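# Test case, fold it:
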Amino acid sequence: MAKSNQDKFHGWHSLIGAMLTYGGISGTLTYAYGVFLPVMSQEFGWSRSFLSGPYTLLMMMGGFLGPLAGLAIGRFGVRKIVVFFNIIVVLGLLGLSRMTEPWQLYLFFGLMGGLGMGFAEYLSVTTIINNWFVRHRSLAMGLLFASGGIAGFLFPPMISCFISGAGWRMSWVFLAAIHLILAVILAGIMIRNTPEELGQVPDGAKKSLWPDRVGFLSTGTTYSTPVDWTLGEALRSPVLWLLIGIVSIVFFVSTLLSAHQVAYLLDLKYSPMVSASAFGLMLGTSIVGRVLSGVLGMRFSGRYLAMFFLTLLCLGVVFLIAAREIIFVYLYAIFVGIGMGGMIVLAPSLIGAYFGRTNYPRISGWTMPVATVAFASAPVAAGYLYDITGTYLLPFGITAGLLFICVILAFFARPPQKKELENKRV
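Here you go, the predicted structure:
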């Protein structure tokens with residue numbers, strides 16, 4: 001007798017499709033640009049500051065398009081959005097291979113790449129996970145975001161080899177082909193919008209999926225809302241704004257450290273190799289944090305896990321401030337990497353668990369502009385404080401203080417109840 005649709009759970013296929021999309025965008029856009037930047041600067045004679053503009057535009061569009069992307073996903077379904085906007089990314093990458101004028105860099109990378117980031121990356125892939133998983137949401141989310149870390153590890157050296165062997169123009173063509181295969185063709189084949197369109201239910205009909213057969217992966221009593229919240233209800237909930245505040249500070253810390261940690265370590269007379277290797281170690285251990293967060297999230301409450309990972313982040317920044325000995329440099333990289341990786345997974349998991357599946361893209365989409373302002377302002381704020389004080393102690397000290405506050409806020413981020421909103425209306 002043939003197995004029913006219920007036995008052929010498609011969620012893991014959709015997860016793989018989401019991983020290909022997220023890893024593809026991370027590898028061909030987020031982590032690729034820095035490899036091309038010095039080569040293009042040398043060929044065209046454009047300054048590094050000018051060449052930073054398209055990347056800033058890419059990241060800003062990726063955040064500010066969140067509300068519009070949420071509406072589009074709700075209207076057309078995540079699969080169509082992923083395929084359509086990744087085709088735009090492919091065309092943009094091909095355009096970069098023919099670029100001769102400055103405005104073309106802003107068009108092909110900043111604008112077209114930004115459309116892909118805004119519509120087909122974070123919001124789309126986390127929507128896929130929240131549609132398909134409830135019991136195994138955190139595990140699936142951990143695997144999803146681990147794909148971005150793996151892409152950050154693999155793509156830069158691969159691109160460097162491409163450029164050395166075939167030149168930077170042909171390398172953009174190679175990336176376009178890779179992106180077409182991963183994020184358009186394979187992702188389009190594997191992703192399905194919801195379990196309901198295949199006659200299935202989230203996590204499958206039976207508790208017989210492979211995580212349930214592995215003891216430490218089996219699910220505990222973690223919270224998942226019994227009813228879906230509307231966008232308006234979620235925006236009126238103080239808990240959502242508590243989560244938005246925590247996520248914004250985490251993004252603020254992430255970009256501040258990424259922009260200034262190497263310069264800070266060089267100021268402390270560490271070699272360029274030590275300074276760069278600390279950054280690489282942080283990225284590598286973030287993969288561990290992402291997977292660890294996914295596994296632990298199946299057993300423990302999200303807000304307590306947030307307290308744990310935020311504490312690691314805070315301690316990591318303290319180690320950075322005290323980094324007069326090299327052991328503290330590596331402790332900083334490990335603690336911040338694991339803490340940051342864990343929070344990347346927890347943020348969308350908590351929003352999905354607290355506010356439900358149906359309106360997740362709309363609700364989560366409205367969190368992105370706030371977080372975008374935070375991460376866009378962080379490098380400038382830290383640079384300004386450094387200029388007026390001549391040291392990084394003040395910006396790093398403020399960063400540690402903000403993270404300590406987040407640990408406290410996470411404790412109060414209890415699952416919201418709709419009756420609280422009803423009491424407010426009375």
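
# C-alpha from now on. contacts and neighbour counts both.
Will do.

# phi, psi of the nearest residue to residue 26 once chain neighbours are set aside?
Counting by Cα to Cα, 6 or more residues apart in numbering, the nearest residue to residue 26 once its immediate chain neighbours are dropped is residue 148, at 5.7 Å. With angles defined as degrees, to the nearest 10, residue 148 sits at phi -70, psi -40.

# ok, residue 148 - how many residues close by?
Around residue 148 there are 24 other residues, counting by other Cα atoms under 10 Å.

# swap in the one 3 residues further on?
As a burial measure, residue 151 scores 21 neighbours (other Cα under 10 Å).

# Provide a list of residues in contact with it.
Residue 151 sits next to 23, 24, 26, 27, 31 when contact means Cα atoms under 8 Å, 6 or more residues apart in numbering.

# how about JSON lines for these, with pLDDT added?
Shown next, in JSON lines, are the contacts of residue 151 (pLDDT from 0 to 100):
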{"residue": "23", "pLDDT": "95"}
{"residue": "24", "pLDDT": "95"}
{"residue": "26", "pLDDT": "92"}
{"residue": "27", "pLDDT": "92"}
{"residue": "31", "pLDDT": "85"}
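
# Narrow the residues you listed to those in helices?
Within the contacts of residue 151, residues falling in helices by DSSP state H are 23, 24.

# CSV for the contacts of residue 151, including distance to residue 83 and neighbour count?
Rendered in CSV, the data for those read as follows (distance: Cα to Cα, whole Å; neighbours: other Cα atoms under 10 Å):
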residue, distance to residue 83, neighbour count
23, 15, 27
24, 12, 27
26, 16, 21
27, 17, 27
31, 21, 20
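
# what sits against residue 122?
Per Cα under 8 Å, 6+ apart, neighbours of residue 122: residue 22.

# An error on my part: the question was meant for residue 322.
residue 328.

# pLDDT below threshold where in the stretch 151-300 of the chain?
Applying pLDDT under 70 to the stretch 151-300 of the chain flags the ranges 205-221.

# cutoff 80 now
Scanning the stretch 151-300 of the chain for pLDDT under 80 picks out the ranges 204-222, 258-259, 262, 272-273, 275-276, 279-280, 283.

# Break down it into its helices, ranges please.
Ranges of helices within the stretch 151-300 of the chain are 168-179, 187-190, 231-235, 238-267, 272-296, based on DSSP state H, counting those that start in this stretch.

# in the first one, what's buried?
The neighbour-count check on helix 168-179 (16 or more other Cα atoms under 10 Å) flags 168, 169, 170, 171, 172, 173, 174, 175, 176, 178, 179 as buried.

# and the gap between the residue nearest to residue 26 and residue 331?
Noted for residue 148: a distance of 23 Å to residue 331, by Cα to Cα, to the nearest Å.

# mind listing what the residue lying closest to residue 99 once chain neighbours are set aside touches?
Nearest residue to residue 99, sequence neighbours excluded (Cα to Cα, 6+ apart): residue 105, at 6.8 Å. Contacts for residue 105 (Cα under 8 Å, 6+ apart) come out as 54, 96, 99.

# What separation do you get for the first one and residue 122?
Taking Cα to Cα as the measure, residue 54 and residue 122 are separated by 19 Å.

# try the second one
Taking Cα to Cα as the criterion, residue 96 is separated from residue 122 by 23 Å.

# follow-up on the earlier one: redo the buried residues of helix 168-179 as CSV? Include distance to residue 193.
CSV is the format used below for the buried residues of helix 168-179 (distance: Cα to Cα, whole Å):
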residue, distance to residue 193
168, 37
169, 36
170, 35
171, 33
172, 30
173, 30
174, 29
175, 27
176, 25
178, 23
179, 21
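
# before we move on, the earlier item: which SSE is the residue nearest to residue 99 in?
helix 102-105 (DSSP states H and E).

# Contact partners for residue 308?
339, 407 are the contacts of residue 308 under Cα under 8 Å, 6+ apart.

# Which per-residue confidence value corresponds to it?
Looking at residue 308, its pLDDT reads 97.

# mind checking how far it is from residue 390?
Taking Cα to Cα as the measure, residue 308 falls 33 Å from residue 390.

# repeat for residue 400
Between residue 400 and residue 390 the computed distance is 19 Å (Cα to Cα).

# So the two - more neighbours on which side?
residue 400 (21 against 11).

# coming back round to it: which one, of the helices of the stretch 151-300 of the chain, ends up nearest to residue 154?
Minimum separation from residue 154 across these (Cα to Cα) falls at helix 272-296, 11.0 Å.

# quick one: buried residues of the closest one?
For helix 272-296, by 16+ other Cα under 10 Å, it's 274-296.

# what element comes up after that helix heading to the C-terminus?
helix 302-321.

# how deep is the closest residue in space to residue 227 that isn't next to it in sequence tucked in, by neighbour count?
Distances taken as Cα to Cα, 6+ apart place residue 356 nearest to residue 227, at 6.6 Å, with adjacent residues excluded. Other residues lying near residue 356 total 21 when counted by other Cα under 10 Å.

# those helices in the stretch 1-150 of the chain, which residues are they?
Along the stretch 1-150 of the chain, counting by DSSP H, counting those that start in this stretch, helices occupy 11-25, 33-44, 48-64, 66-76, 78-96, 102-105, 112-120, 122-132, 137-166.

# and among those, the most buried is which?
Neighbour counts (mean count of other Cα atoms under 10 Å) averaged over each of those peak at helix 112-120, with a mean of 28.

# Tell me which other helices or strands it touches.
Helices and strands touching helix 112-120, by 3 or more Cα pairs under 8 Å, 6 or more residues apart in numbering; DSSP states H and E, are helix 11-25, helix 48-64, helix 66-76, helix 78-96.

# of all those helices, which lies closest to residue 373?
Nearest to residue 373, of all the helices and strands packed on helix 112-120, is helix 48-64, at 8.2 Å by Cα to Cα.

# Run the angle between the closest one and helix 112-120 for me.
20 degrees (axes from the mean of the first three to the mean of the last three Cα atoms, to 10 degrees).

# who does helix 48-64 touch, helix- and strand-wise?
Helix 48-64 makes packing contacts with helix 33-44, helix 112-120, helix 368-389 when contacts are defined by 3+ Cα pairs under 8 Å, 6+ apart.
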